[in-house]
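Asker: Quick one: sequence plus predicted model below, questions after.
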Amino acid sequence: MGDFDVQDARDLLAKQKAEVAQHQQLISKMKRIAQNPNMDKEDYEVMDFLKTAAARQEKAKRLGLQPGRFYSLFILLL
């Protein structure tokens, strides 16, 4: 394995860790929304993010591309 391969593996790992952290943060926000009947500004931002993610996944599906790893979960929750 060369230096470039090692760097690619490190970059991929960092990207995957960031995706998981973002996913966990979004899940915690969604749980808070479900438990709190009153909507605030942050709740609307999360809802907008989920709608955008759904649109991105639909576009990727139409184009025959591989959608993001966690977006399918978000679609199920909508």
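Answerer: Yep, that arrived. Residues are numbered from 1 along each chain as shown.
Asker: In contact with residue 42, which residues?
Answerer: Residue 42 makes contact with residue 29, according to Cβ atoms under 8 Å, 6 or more residues apart in numbering. Placement of C-beta: from N, CA and C, glycine included.
Asker: at 7 Å what do you get?
Answerer: Under the criterion of Cβ atoms under 7 Å, 6 or more residues apart in numbering, residue 42 has no neighbours.
Asker: What's the local residue count around residue 64?
Answerer: Residues near residue 64, counting by other Cβ atoms under 10 Å, number 6.
Asker: my bad, residue 46
Answerer: Count around residue 46 with other Cβ under 10 Å applied: 16.
Asker: Could you tell me which ranges of this structure sit under the pLDDT cut-off?
Answerer: 66-78 (pLDDT under 70).
Asker: Which of the three states applies to residue 54?
Answerer: helix (DSSP: H, G, I helix; E, B strand; the rest coil).
Asker: ok, it to residue 34 distance?
Answerer: 18 Å (Cβ to Cβ, to the nearest Å).
Asker: Distance check, residue 21 against residue 55.
Answerer: In terms of Cβ to Cβ, residue 21 sits 23 Å off from residue 55.
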